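Peer 1: Sequence unavailable; structure follows:
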């Protein structure tokens, strides 16, 4: 059964059909939340909130890319979490870097217990941490566009749907996000692949 | 520091979109011409591509758990969606029941009073549940009359429909009385009178017991009517809590009246009685379902 058919059933209250669609999208949804929020536990909560919200609002889905529709809900759930953090500064992004005590042990433990060899190693590598750190330093609206377009490979139209902004906004935010990321990553030069590093050096 | 920071915002945007293949053909031709002549612009494009590629290389992390919904998680909503409708339906059914009973009782009040003189023992036994909450002294008075004129009750009871009704309501009520107010011994002992009304002797005994019991525990009998009514509700259907005691009370209280009138018309239940019983059942069922949903949702 294809996704459109499952979604039609789900819109008539078929929870099993809805769950099948969720299974197809949950890894991507979780990873979007993970890269936007920079932390696994909050990302899982945001993803769960988003899935529940998607089920409740399924009638407002009117065809088109379900992935983009779902990512919009995930993005909104992430915005909610980011707003919560700003109201309670104890969970600012600085506290979420791996060398702090709060939150980090859970994430590390989870990484050690779930993924197999290469995935776990690469996720825990310094390069990955450096990229996440640079993402964390971006303003929220830049980070969200960078995660959707570059990390997840969504096209501009999907990003536009997901953040509810026109294509022009997507284009300009993505360009500025990339420029800032480039600048930030330059400081982690020794971790970067040679192609990336060489370009930085020849520009000096 | 990097080429990107030296670009104008417009060039940065154009290069970024060019890297994604998102330019119109005209825009693409324009930037391609400039790239051919400007090495710095080419390096900036290279940096954009490298940055984008680095982000795409981030590993896809396996989700720590499945985010599929359980029926409970999803059911929260469907429960809420039905809830207001059920509330309304319960209220409407209860109101219809009360109105029907009200019209019935006041419409037939005169003939009922006349009938009471003919079969006071039966009347007394059946009214006991009502007396617990509202009319404690009347039980005693009726009991004395019952001693004087018992036989009428015995003769008319075998009517099958009347026995059915008896089995449903007064037993439940007296059971409630037994459980809720241990001091109200008289009320509890009325049970044999209600269920075995065919024989006059037990009626007399329990009637006397009721009179004595009621005098002994007058204080408890005069509790505000709501307290015993709520306990009735608990005994009969546990789901029906504090919210709908009046529904329960209505079911228990007027039915004796219905049965008393019934004995005058041995041909079967008149339509209005069936309507009352039906409405009471509907109201009770709706209230039970509504409260169950409310409990699950909270």
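Peer 2: Great, that's in hand. All values derive from a computational prediction rather than experimental measurement.

Peer 1: check contacts around residue A:61.
Peer 2: A:7, A:11, A:54, A:69 (C-beta atoms under 8 Å, 6 or more residues apart in numbering or on different chains). Where C-beta positions appear, they are placed from N, C-alpha and C, glycine not excepted.

Peer 1: Phi and psi next, for it.
Peer 2: Dihedral pair for residue A:61: phi -80, psi 120, per degrees, to the nearest 10.

Peer 1: ok, now residue B:69?
Peer 2: With angles defined as degrees, to the nearest 10, residue B:69 sits at phi -100, psi 140.

Peer 1: Determine which residue lies closest to the centroid of chain A.
Peer 2: Here the mean C-alpha position of chain A is nearest to the C-alpha of residue A:32 (C-alpha atoms, centre = their mean), at a distance of 2.0 Å.

Peer 1: how about that one, secondary structure?
Peer 2: helix (DSSP: H, G, I helix; E, B strand; the rest coil).

Peer 1: What's the local residue count around residue B:84?
Peer 2: Other residues lying near residue B:84 total 10 when counted by other C-beta atoms under 10 Å in any protein chain shown.

Peer 1: Next, find the distance separating it from residue B:91.
Peer 2: 11 Å (C-beta to C-beta, to the nearest Å).

Peer 1: picking up where we left off before, looking at the residue nearest to the centre of chain A now. What's its pLDDT?
Peer 2: What the model reports as pLDDT for residue A:32 is 95.

Peer 1: Under a three-state scheme, what state does residue A:71 occupy?
Peer 2: Taken by three-state DSSP, the conformation at residue A:71 corresponds to helix.

Peer 1: Could you pull up the contacting residues of the residue lying closest to it once chain neighbours are set aside?
Peer 2: Closest residue in space to residue A:71, ignoring its immediate chain neighbours: residue A:162 at 4.2 Å, by C-beta to C-beta, 6 or more residues apart in numbering or on different chains. The contact partners of residue A:162, taken as C-beta under 8 Å, 6+ apart, are A:68, A:71-72, A:75, A:148, A:154.

Peer 1: Let's see if you can find the most crowded of those residues.
Peer 2: Neighbour-wise, the contacts of residue A:162 (other C-beta under 10 Å) top out at residue A:148, 29 neighbours.

Peer 1: which of the residues in stretch B:95-102 are buried?
Peer 2: By 16 or more other C-beta atoms under 10 Å in any protein chain shown, the buried positions in stretch B:95-102 come out as B:96-98, B:100-101.

Peer 1: show me where pLDDT drops low in the stretch 101-250 of chain B?
Peer 2: B:108-250 (pLDDT under 70).

Peer 1: cutoff 80 now
Peer 2: Where the stretch 101-250 of chain B drops to pLDDT under 80, the residues are B:107-250.

Peer 1: What's the mean pLDDT across stretch A:75-88?
Peer 2: The average of the pLDDT scores along stretch A:75-88 is 91.

Peer 1: Whether that stretch contacts chain B - can you check?
Peer 2: No - judged by C-beta under 8 Å from any C-beta of the partner chain, stretch A:75-88 and chain B are separated, with a smallest distance of 11.3 Å.

Peer 1: So which bits of that stretch are buried?
Peer 2: Neighbour-count burial for stretch A:75-88, counted by 16+ other C-beta under 10 Å, picks out A:75-79, A:81-82, A:85.

Peer 1: now swap in stretch A:56-63 and tell me
Peer 2: residue A:58.

Peer 1: Helix or strand: which one has the nearest residue to residue B:69 once chain neighbours are set aside?
Peer 2: In space, residue B:69 comes closest to residue A:55 once its chain neighbours are excluded; the distance is 5.8 Å by C-beta to C-beta, 6+ apart. Assessed by DSSP states H and E, residue A:55 sits inside helix A:40-56.

Peer 1: so how far is that helix from its chain's centroid?
Peer 2: 12 Å (C-alpha atoms, centre = their mean, to the nearest Å).

Peer 1: and what of stretch A:163-180?
Peer 2: Its chain's C-alpha centre and that of stretch A:163-180 lie 15 Å apart, by C-alpha atoms, centre = their mean.

Peer 1: Name the residues that touch that stretch?
Peer 2: A:72, A:75, A:134, A:137-138, A:141-146, A:148-150, A:156-157, A:159-160, B:2, B:4-5, B:7, B:9, B:12-13, B:15-17, B:20, B:22, B:48, B:51-52.

Peer 1: Same check on stretch B:18-28?
Peer 2: By C-beta under 8 Å, 6+ apart, the residues outside stretch B:18-28 that reach it are A:149, A:155-156, A:171, A:174, B:14, B:17, B:31, B:45, B:48-49, B:52.

Peer 1: Secondary structure and distance to residue A:49 for the residues you listed - can I get that in CSV?
Peer 2: Output for the contacts of stretch B:18-28, formatted as CSV (DSSP: H, G, I helix; E, B strand; the rest coil; distance: C-beta to C-beta, whole Å):
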residue, secondary structure, distance to residue A:49
A:149, helix, 23
A:155, coil, 26
A:156, helix, 26
A:171, helix, 29
A:174, helix, 26
B:14, helix, 38
B:17, helix, 33
B:31, helix, 42
B:45, helix, 39
B:48, helix, 34
B:49, helix, 35
B:52, helix, 29
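
Peer 1: Quick one, which of the residues you listed are buried?
Peer 2: A:149, A:156, A:171, A:174, B:14, B:17, B:31, B:45, B:48-49, B:52.

Peer 1: and residue B:54, how many neighbours?
Peer 2: Counted with other C-beta under 10 Å, residue B:54 comes out at 22.

Peer 1: check contacts around residue 37.
Peer 2: Defaulting to chain A. A:43, A:46, A:78, A:81-82, A:96.
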